[in-house]
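Asks: based on what follows, work out the 3D shape:
(one chain, ligands or ions: 1)
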Amino acid sequence: TDEDVWWRNCVFYQVYVPSFADSTGDGIGDLRGIRARLGYLELLGVDALWLTPFYPSPMADNGYDVADPRAVDDRFGTLDDFDALVAEAHRYGLKVTIDLVPNHTSSAHHWFQEALQAPPHSAERERYLFRDGRGPNGTEPPNNWTSVFGGPAWTRVADGQWYLHLFDTEQPDLNWANPEVQDDLQQTMRFWLDRGVDGFRIDVAHAMAKPPDLPDMEPAAGDSGALVVPGVYDPRFDNDSVHDIHRMARKVLDSYPGRMAVGELWILDDERFAKYLRADELQLGFNFRLLTTDFDANRIREAIEHSLDAVRGPGAQPTWTLANHDVGRQVSRYGDGWRGLARARAMALVMLALPGVAFLYNGEELGLPDVHLPDEALRDPVWERSGHVDRGRDGCRVPLPWEGEQAPFGFSTGTRSWLPVPEDWAGLTVETQLEDADSVLSLYRRALELRRERPEFSGEELEWYGAPPGCFAFRRKGGGLICALNTSAAPVPLPPGEILLSSGPIDSADTSGGGELPGETAAWLIPAAED
Ligand code: TEU
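Replies: Numbering: from 1, shown residues only. The predicted structure follows:
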């Protein structure tokens with residue numbers, strides 16, 4: 001039924017749990033904080049939530065180092081708080097999806113602690129990827145793999161063996177050839193499905209399986225993080241046996257009605273990407289092409305066409321995203337000051353005009369920029385492991401400003417916040433933006449409302465109009481919505497029609513007698529009736 005495939009044209013909202021809303025005054029966001037702000041999400045008009053990890057964790061990687069996947073960290077609340085959040089979200093008509101982190105655990109997970117106590121080749125060690133080192137006395141790592149966060153992907157333990165970690169030293173990779181590991185994920189899925197979650201976001205979904213002999217990678221593979229680049233041999237990611245894991249997970253999902261999973265897939269090769277979306281694997285895969293594209297009409301059009309092509313084979317829905325907690329905020333990415341903001345507004349209209357699924361990252365609807373934090377505030381292991389070369393991802397993780405005149409602007413019931421909120425964000429709060437018809441928040445609200453309510457937002461395929469350099473316009477075949485984007489500085493003519501919404505000021509609401517789209521702007525139109 002339609003209700004079973006609720007996610008097919010859904011707008012997801014990523015709640016970065018530590019930074020959304022703090023109900024206890026400790027400066028860290030929590031589950032009760034989210035529950036208290038559900039009214040805002042209803043007002044915004046999203047359909048589903050993705051909650052980042054809230055499981056017990058030493059927070060070496062802000063919760064992506066999970067010590068117990070079937071519990072709630074004290075910082076974030078209790079299981080009762082979780083149940084209450086799900087129930088309340090459902091009353092608001094919001095679906096709830098949560099993060100699964102199957103590639104690794106925290107080094108504080110009892111399995112890893114047991115592995116450290118146990119001898120080499122023991123059953124305890126076989127849950128992870130322990131190996132003997134190379135070179136005299138095994139003092140060299142078992143292979144040349146590097147961690148996505150920088151430095152070698154291996155750390156040596158007291159008895160001389162090494163364990164693999166594709167991310168931080170405190171995130172040991174699991175051995176997915178081990179049936180115990182496979183079984184544990186199924187238990188975790190059932191645990192949360194039984195509590196009523198509607199689906200999962202699967203962390204590094206192309207990473208779990210490793211070739212048993214762990215062959216060296218091509219050193220250049222280390223330059224692209226977790227992204228698999230065609231033509232560069234990288235046995236760390238996208239091994240064929242990973243698909244067995246997704247099939248297994250899908251069986252669990254399918255034993256409940258209307259549940260789904262979206263995989264984080266850093267894969268540029270369309271054929272490899274499409275394999276994860278086969279009928280018995282993931283329903284959705286994150287597509288990072290829009291997010292990694294500059295503000296250039298030709299490039300953006302290519303990214304869109306490519307993304308649509310990539311899912312056509314398996315018949316899956318396309319997905320779109322402009323930001324998340326790993327990549328930085330679009331306002332800062334697209335340029336400084338007013339230009340970055342104008343472009344981010346334009347791209348929001350492009351993304352929300354496209355068929356399929358959109359993922360928003362909390363704070364993008366406020367036009368938040370990346371924050372340049374002082375060194376001593378930085379928490380991200382990327383900052384540490386890169387030898388302080390890469391400032392890491394904290395700049396896009398700063399808590400949300402809600403209301404009032406003083407930082408942290410209602411984020412917390414107290415005065416603290418785990419990352420400092422800039423004092424000059426008073427003008428960016430939800431409170432101020434709700435009152436301003438021209439704010440980024442008002443743009444997102446209006447866009448989401450139109451997308452939800454207007455019949456023009458249907459049709460899975462696009463038709464492209466001829467357009468001057470630096471611009472494009474597409475029409476959704478079926479519904480008929482037109483989206484035009486001008487990435488140049490000069491105005492360009494608009495197709496005839498009625499303007500539904502634009503990312504910046506436009507002279508006339510009806511362009512049938514001719515109209516112009518200013519530079520760095522996007523508009524939605526309903527085509528003039530043909531007679
Ligand atoms: O990210 C996967 C990933 O490899 C990148 O997004 C990575 O964070 C970035 O390239 C580093 O600069 C997922 C999570 O989204 C991320 O927050 C976690 O740190 C990572 O997995 C490990 O669990």
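
Asks: isn't G387 up against P381?
Replies: No. Assessed by C-beta atoms under 8 Å, G387 is found out of contact with P381, at 12.0 Å. C-beta: built from backbone N, CA, C; applies to glycine.

Asks: the more surrounded of the two?
Replies: Between G387 and P381, P381 has the larger neighbour count (other C-beta atoms under 10 Å), namely 23 against 9.

Asks: where does the closest residue to that one other than its chain neighbours land in three-state SS?
Replies: Distance criterion C-beta to C-beta, 6 or more residues apart in numbering; nearest residue to P381, sequence neighbours excluded, is D168 at 4.4 Å. Per DSSP: H, G, I helix; E, B strand; the rest coil, the local secondary structure of D168 is coil.

Asks: quick check: D168 touching N62?
Replies: No. With contact defined as C-beta under 8 Å, D168 does not count as touching N62 (10.3 Å).

Asks: who has more neighbours, the two?
Replies: Neighbours were counted for D168 and for N62 using other C-beta under 10 Å; D168 has more, 25 against 21.

Asks: show the pLDDT at that one.
Replies: Predicted confidence (pLDDT) for D168: 97.

Asks: I'd like the distance between it and the ligand.
Replies: From D168 over to the ligand the distance is 8 Å, taken as C-beta to the nearest ligand atom, to the nearest Å.

Asks: now do the contacts for that residue.
Replies: A60, D61, D65, S147, F149, P381, R385 (C-beta atoms under 8 Å, 6 or more residues apart in numbering).

Asks: in a helix, S458, correct?
Replies: No. S458 sits outside any helix when classified using three-state DSSP, being coil.

Asks: residue contacts, the nearest residue to it once chain neighbours are set aside?
Replies: Excluding the flanking residues, the one nearest S458 by C-beta to C-beta, 6+ apart is G479, at 3.8 Å. Residues near G479 by C-beta under 8 Å, 6+ apart: R454, P455, E456, F457, S458, G459.

Asks: filter those residues down to just the buried residues.
Replies: When these are checked for burial by 16 or more other C-beta atoms under 10 Å, the buried set is E456, F457.

Asks: possible to save the contacts of G479 as CSV with pLDDT?
Replies: Formatted as CSV, the contacts of G479 follow (pLDDT from 0 to 100):
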residue, pLDDT
R454, 97
P455, 96
E456, 97
F457, 97
S458, 96
G459, 94
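
Asks: out of the contacts of G479, which comes closest to H90?
Replies: Checking the contacts of G479 against H90 with C-beta to C-beta, the nearest one is F457 at 24.5 Å.

Asks: the closest one contacts L448, doesn't it?
Replies: No. Using C-beta under 8 Å, F457 is not in contact with L448; the gap is 10.6 Å.

Asks: could you export the lowest-mean-pLDDT helix or strand in the chain as CSV, CA atoms only?
Replies: Among the helices and strands of the chain, helix 381-385 carries the lowest confidence by mean pLDDT, DSSP states H and E, at a mean of 92. Extracted in CSV, the C-alpha atoms of helix 381-385 (Å, rounded to 0.1, in the frame of the first residue of the first chain):
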residue,chain,number,x,y,z
PRO,A,381,38.7,13.3,16.0
VAL,A,382,39.4,14.4,12.4
TRP,A,383,41.0,17.5,13.9
GLU,A,384,43.2,15.4,16.2
ARG,A,385,44.1,12.6,13.7
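
Asks: what's the first helix or strand after it?
Replies: helix 430-434 (DSSP states H and E).

Asks: following that following helix, which helix or strand shows up next?
Replies: Helix 430-434 is succeeded, C-terminally, by helix 440-453 (DSSP H and E).

Asks: ok, residues contacting that next one?
Replies: Residues contacting helix 440-453 (C-beta under 8 Å, 6+ apart): 11, 43-46, 341, 344-345, 348-349, 352-353, 360, 364-367, 430, 433-434, 436, 457, 500-501, 503, 524.

Asks: same question, stretch 135-154
Replies: 131-134, 156, 160-169, 214-217, 219, 221-222, 225-226, 236, 381-382, 385-387, 390.

Asks: now the contacts of helix 440-453: which count as buried?
Replies: For the contacts of helix 440-453, a burial check counting by 16+ other C-beta under 10 Å picks out 11, 44-46, 341, 344-345, 348-349, 352-353, 360, 364-367, 430, 433, 457, 500-501, 503, 524.

Asks: ok, D270 - contacts?
Replies: Neighbours of D270 in contact, by C-beta under 8 Å, 6+ apart: H306, D309, A310, G313.

Asks: my error: substitute H206 in the last question.
Replies: A226, V228, F237, D238, V242, G263, E264, L265, W266, I267, Y276.

Asks: per-residue pLDDT, D531?
Replies: For D531, pLDDT reads 51.

Asks: A helix includes L360, no?
Replies: No. Under three-state DSSP, L360 sits outside any helix and is assigned strand.

Asks: for it, which non-adjacent residue is spatially closest?
Replies: Leaving aside its sequence neighbours, L360 sits nearest to Y13 (C-beta to C-beta, 6+ apart; 5.0 Å).
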